[in-house]
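Asker: got a sequence here, can you model it:
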Amino acid sequence: MTPPAHRYDRPARAPHDSFINPRFGCLTPVEWRAAGGEGGPALRVLDQLALPAEEAAFTATTWREAAWCIQQMAVRGAPAIGVTAAYGLALAAHALATHAPAARAEEARAALDEAAAGLNATRPTAVNLAWALKRLAPLWRARPYTSAAALAAALEREALSLHADDIHACRRMGDLGADLLAPGARVLTHCNTGALATGGYGTALGVFRAAAARGLLRRVYADETRPYLQGARLTAWELHRDGLPVTLICDNMAASVMARGEVDSVWVGADRIAANGDTANKIGTYGLALIAHAHGVPFYVVAPRSTLDLTLPDGAGIPIEQRSPLEVTRCGDRRVAPEGVEVENPSFDVTPHRYITALVTEVGVARRGADGAFRHALAALAALPALRADA
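Answerer: Residues are numbered from 1 along each chain as shown. This next block holds a predicted model:
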């Protein structure tokens with residue numbers, strides 16, 4: 001993996017015993033800690049690389065530390081990355097207010113532009129990252145500047161609002177997706193699309209939570225999801241923790257489970273969706289879509305509208321992150337492949353729109369048009385007013 005152009009710093013890490021965010025009343029992968037006493041503001045980031053064996057959290061106090069958590073996948077999942085990046089900007093502004101309280105407008109803009117560029121460089125595929133930075137950018141690029149302290153307060157408020165909006169969107173997607181399930185639903189999912197991958201509640205796992213609350217859910221099959229094992233470590237942990245019926249399977253068991261008629265539908269998340277509906281998601285999603293198509297099993301994508309990238313006509317233009325060979329040649333600290341063997345390790349693949357039954361967003365469900373693509377349906381959803389938690 002090419003080293004990042006920006007310097008990222010590893011934050012402090014300590015055991016953690018509470019995963020419920022008191023502000024939102026649910027499990028969240030990140031939690032903003034406002035300044036108080038002698039301590040300045042900080043971002044608590046659950047260390048998802050340690051789960052389920054250890055429950056610990058990083059404490060990021062600078063944007064470089066927040067960026068390190070994103071780049072190293074201590075926090076992952078497109079919506080969660082966007083939320084973390086927003087808080088990273090708030091940390092950058094608070095640092096300016098602390099160390100250069102008399103900073104002029106041009107100095108503040110330069111500092112925030114540097115932080116935004118550094119955060120944006122951490123993970124190239126998830127469009128939610130750039131979307132979150134773009135949402136906050138007018139606060140330092142367009143609005144009148146009064147002081148570094150006022151700018152820090154404004155960025156903190158907007159980051160908290162973005163986080164609340166994401167949880168609200170997840171709950172709405174859960175309800176819309178659950179509407180598509182019949183009683184006794186047996187579903188299969190890939191990677192982790194739960195509270196850990198979002199601001200809270202989850203996208204595809206949010207559908208399962210909503211379905212369980214209605215008494216519709218019979219069984220969730222969770223792919224282990226090589227090479228980072230997000231399904232085994234995170235999805236199984238979340239669902240088992242919540243008391244939902246989950247069965248963990250190896251990635252290469254999905255076809256067999258479907259062939260036995262034990263899966264009614266497949267549900268996944270997304271990191272970027274092109275204008276025609278082609279969808280980038282965790283590596284292995286494309287193969288799972290092919291298996292579902294071969295067995296006549298509906299295949300649903302659940303993602304917030306911020307995941308749409310209508311500037312790309314199709315999935316060919318989606319950048320695919322290439323990660324370290326060590327993620328494939330090692331399992332934890334143990335080497336499982338010959339030293340020096342060549343490795344290809346793309347973090348994502350692109351599922352063509354023709355294998356997707358429907359795309360579920362917080363503002364509606366998109367289905368293919370007469371041309372077989374989602375272009376018109378997604379454009380219509382993109383034109384709708386944003387769903388806000390405070391509306």
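Asker: quick check: longest helix of the chain.
Answerer: Longest helix of the chain, by residue count under DSSP state H: helix 148-178.
Asker: residue contacts, the closest residue to residue 156 other than its chain neighbours?
Answerer: Among residues not flanking residue 156 along the chain, residue 90 sits closest, at 4.5 Å (CB to CB, 6 or more residues apart in numbering). Just so you know, the C-beta spots here come from the backbone N, C-alpha and C atoms, and that holds for glycine as well. Listed by CB atoms under 8 Å, 6 or more residues apart in numbering, the contact set of residue 90 reads 32, 41, 152, 155, 156, 159.
Asker: on that earlier part again, tell me the mean pLDDT over the longest helix of the chain?
Answerer: For helix 148-178, the mean pLDDT works out to 97.
Asker: show me what that helix packs onto, helices and strands only.
Answerer: Using 3 or more CB pairs under 8 Å, 6 or more residues apart in numbering; DSSP states H and E as the contact criterion, the elements in contact with helix 148-178 are strand 30-33, helix 78-99, helix 105-120, helix 127-136, helix 138-141, helix 204-213, strand 299-302, strand 358-361.
Asker: need the ones you listed in JSON lines with mean pLDDT and distance to residue 192, can you?
Answerer: Shown next, in JSON lines, are the helices and strands packed on helix 148-178 (pLDDT from 0 to 100; distance: least, CB to CB, whole Å):
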{"stretch": "strand 30-33", "mean pLDDT": "95", "distance to residue 192": "15"}
{"stretch": "helix 78-99", "mean pLDDT": "96", "distance to residue 192": "10"}
{"stretch": "helix 105-120", "mean pLDDT": "96", "distance to residue 192": "22"}
{"stretch": "helix 127-136", "mean pLDDT": "95", "distance to residue 192": "15"}
{"stretch": "helix 138-141", "mean pLDDT": "96", "distance to residue 192": "31"}
{"stretch": "helix 204-213", "mean pLDDT": "98", "distance to residue 192": "8"}
{"stretch": "strand 299-302", "mean pLDDT": "98", "distance to residue 192": "13"}
{"stretch": "strand 358-361", "mean pLDDT": "98", "distance to residue 192": "17"}
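Asker: quick check: angle from the longest helix of the chain to helix 78-99?
Answerer: Angle between the axes of helix 148-178 and helix 78-99 is 170 degrees (criterion: axes from the mean of the first three to the mean of the last three CA atoms, to 10 degrees).
Asker: what's the first helix or strand after helix 148-178?
Answerer: Counting by DSSP states H and E, the next helix or strand C-terminal to helix 148-178 is strand 185-189.
Asker: now for that next one, which elements pack on it?
Answerer: Packing partners of strand 185-189 (3+ CB pairs under 8 Å, 6+ apart): helix 204-213, strand 217-223, helix 254-259, strand 265-268.
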